[in-house]
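Colleague: after the sequence you'll find the predicted model.
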Amino acid sequence: MKRTVIYFFLFLSIIVIFSFFSCATTVQNKDESGEEPFSADKKEKEESETKDSDEEWSKGIIEDTVSGFEDSEELDPMDDSMKRGDDGKTGKDRIPSTSGLRAGYADDNKQFNYFINFLTTYNYVSHFGINIRERIIFKIMDNKGKSIPNAEVTIFGNGSTLCKGQSYADGSFLFFPSEYGTLEYFDVEVNLIHYNRASTNVEERYQQRKKSVRVFRDGVRQVDIVFDNPGPDMKNVPLDILFILDTTGSMGEEINRLKTTIEIINMNIVSLSSKPRVRFGMVLYKDRGDEEYITKIIPLTGNLDEFREELDQVEADGGGDVREDLQAALDDAIQHIEWNSRGIRLGFIITDAPPHLDYNQEYSYVDAVHDARDKGIKLFTVGTGGLSVEGEYVLRQISQYTYAKYIFLTYGEQGESAGGGTGSVSHHTGANFQTDKLEAIIIRFTKEELSYLTGQPMEEGEEYFEATRIEEEEKEETLNKLFEMAVSQLVDYSSIGLEKGIRISVIPVISSDEKYKIDAEYFTDQLVKTVSADERFTMVEREDLQKILEEMELQLSGIISDESAVEVGALLGAEVLITGKMYRKEKHYEIFFKFLRVETAEILSVTRTRIEKTLGLSK
């Protein structure tokens, strides 16, 4: 009996011990999961945050939304499928999952008129002049509408060669007539070397193709040059990425971030189906008087570990005054780097300081942008903490001329910033910019360049302005805010510079459904009020417009094409027009606006608005 009792208690002890460890394991797994226990307080907090978010979303006008870098596009930095480096470590061992360095960017070729106004407003800062006020974009395409990169473009004027260069990945070549006096027309010659991998005959593999066109100074701002044969085969395209990096003492954070994210950048690029052949390189620069170096070249290499080894040795130090020797760095970057000749070439200038322009250097940043354009190199510029408007001015000149973008680090400030202070980067871009992580922006721009060569451009979120009815605001006030934003974007994104006081007319908005004609007329009236109050324009008399429309029987037909609108504009003496087409959706109206140039009948810019149904007149 005694032995039986002992066995019973021994058995009971084993059960208790087993239960204890089982519970302990359950508690440990829950703790390691990082999940907080659910609570009523937490639920109330989440509901409150959701409510606040919804209220913020519905306040009057929602600014234009442009998709930035999609999270789904970014390779997971903690993915076990990452390749191991030569040191045996996976990306999982070496790469942080996040970067705290956020940035905004602006496309000054898209918001061309806004950029021209920026240059005029801040013309007093130290800079060298580049006359870009007149711009013509040539688009080189094959017979299927696919862009042709690296086409050789030569511009002639009065029998002399004015400039010569290569088209970018999207087939574009930028020409600025304002740099070449008062010539009325220019002759353009495009040479295409067609590479046929399938042929074993050298002469057949490289076939010279040539096209010539004549363009007029006052003509359209985009000229398409279409070849009647397929473009080059661009699989495994060579891709060069060069960092032109200010390494003075104040650049420590930016250098460290590049070190910790270079593998994220690399793996997001090499993982693409197009399998580009990527090379990274650097031009490091400081200033005269720094003992270590003024500039230092790290050649382009396809060996990431080799590049990382060089990058890991970069330290931020030196730099006594505010300005640094960017021009010496550009000399090295453009003239002494061995760029690929048949692929994509991207440079990223990263600095928090304006350049020295007082060294009387033979090679200036103006020479650099001309040479970069000629070699088909895009120079993206990145302004970091403390950059002043002088630095912004020069960086934006460089990026705009080379068909790239200006990137600026953001530190939570709202609207525009004059920079110059700690943690503040000068950016005068209006509302026309989008923010994301710096490395995500670099990845996005690189992917964008590669996408042109596949014939499948990256998808972007549609850009539009939206108006929602709010009780404390009159309908007309809400619509005025909406149309002010829409008109400002039309002006900012104009492909030509606009003089103040330019004569404008608003053509009546046309409804796709006759039932909602009264709403279209109401929105037209509100748009006219907005434009009439805008000091940038001189409004054509509305009575004259109505008379001409009636004479041409356009208003009765409800159909106004771009051509007939331009004809109306010419009769009115208007220089530019705004036209609109309205569609009724389930919960809102959509109006597509065009900004037309009367002289050439070309579309200068477009935008789209969404208007909640309650802001119209129909029930």
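Modeller: Yep, that arrived. Numbering: from 1, shown residues only.
Colleague: how far out from the middle of the chain is the host helix or strand of residue 345?
Modeller: Per DSSP states H and E, residue 345 falls inside strand 344-351. Here strand 344-351 shows a centroid-to-chain-centroid distance of 14 Å under the convention C-alpha atoms, centre = their mean, to the nearest Å.
Colleague: also stretch 526-545?
Modeller: Distance of stretch 526-545 from the chain centroid (C-alpha atoms, centre = their mean) equals 32 Å.
Colleague: same deal with stretch 137-157?
Modeller: On C-alpha atoms, centre = their mean, the centre of stretch 137-157 falls 22 Å from that of its chain.
Colleague: same deal with stretch 129-138?
Modeller: 19 Å.
Colleague: stretch 358-365 now?
Modeller: Centroid separation between stretch 358-365 and its chain, computed with C-alpha atoms, centre = their mean, is 29 Å.
Colleague: gap between the two ends of it?
Modeller: By C-alpha to C-alpha, to the nearest Å, the extent of stretch 358-365 from end to end equals 13 Å.
Colleague: what's the answer for stretch 125-134, then?
Modeller: Stretch 125-134 stretches 22 Å from its first residue to its last (C-alpha to C-alpha).
Colleague: tilt between the helix or strand just after the strand holding residue 345 and strand 344-351?
Modeller: Using DSSP H and E, the helix or strand that follows strand 344-351 towards the C-terminus is helix 365-375. Relative orientation of helix 365-375 and strand 344-351, computed by axes from the mean of the first three to the mean of the last three C-alpha atoms, to 10 degrees: 160 degrees.
Colleague: where exactly do the strands run in the stretch 151-300 of the chain?
Modeller: Assigned by DSSP state E, counting those that start in this stretch, the stretch 151-300 of the chain shows strands spanning 152-157, 160-166, 172-175, 185-195, 206-216, 222-226, 238-246, 277-285, 295-301.
Colleague: so residue 490 sits against residue 578, correct?
Modeller: Yes. If you go by C-beta atoms under 8 Å, residue 490 and residue 578 touch, sitting 6.8 Å apart. Every C-beta, even on glycine, is put in place using the N, C-alpha and C of the backbone.
Colleague: joint contacts of those two?
Modeller: Common neighbours of residue 490 and residue 578, using C-beta atoms under 8 Å, 6 or more residues apart in numbering, are 593, 595.
Colleague: so for the two, which residue has more residues nearby?
Modeller: A side-by-side neighbour count of residue 490 and residue 578, using other C-beta atoms under 10 Å, places residue 578 first with 25 against 19.
Colleague: for stretch 137-152, what is the average pLDDT?
Modeller: Averaged over stretch 137-152, pLDDT sits at 92.
Colleague: got it, and stretch 240-257?
Modeller: 92.
Colleague: first vs last residue of that stretch, how far apart are they?
Modeller: Start-to-end, stretch 240-257 (C-alpha to C-alpha) is 20 Å.
Colleague: now that stretch: buried residues?
Modeller: Across stretch 240-257, burial judged by 16 or more other C-beta atoms under 10 Å covers 240-248, 250-251, 254-255, 257.
Colleague: again, but for stretch 442-452
Modeller: Result for stretch 442-452 [16+ other C-beta under 10 Å]: buried residues 442-447, 449-452.
Colleague: output those as a markdown table; include the columns pLDDT, distance to residue 180 and secondary structure.
Modeller: Formatted as a markdown table, these follow (pLDDT from 0 to 100; distance: C-beta to C-beta, whole Å; DSSP: H, G, I helix; E, B strand; the rest coil):
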| residue | pLDDT | distance to residue 180 | secondary structure |
| --- | --- | --- | --- |
| 442 | 89 | 34 | helix |
| 443 | 89 | 37 | helix |
| 444 | 88 | 35 | helix |
| 445 | 91 | 30 | helix |
| 446 | 93 | 33 | helix |
| 447 | 90 | 35 | helix |
| 449 | 93 | 28 | helix |
| 450 | 91 | 33 | helix |
| 451 | 89 | 33 | helix |
| 452 | 88 | 28 | helix |
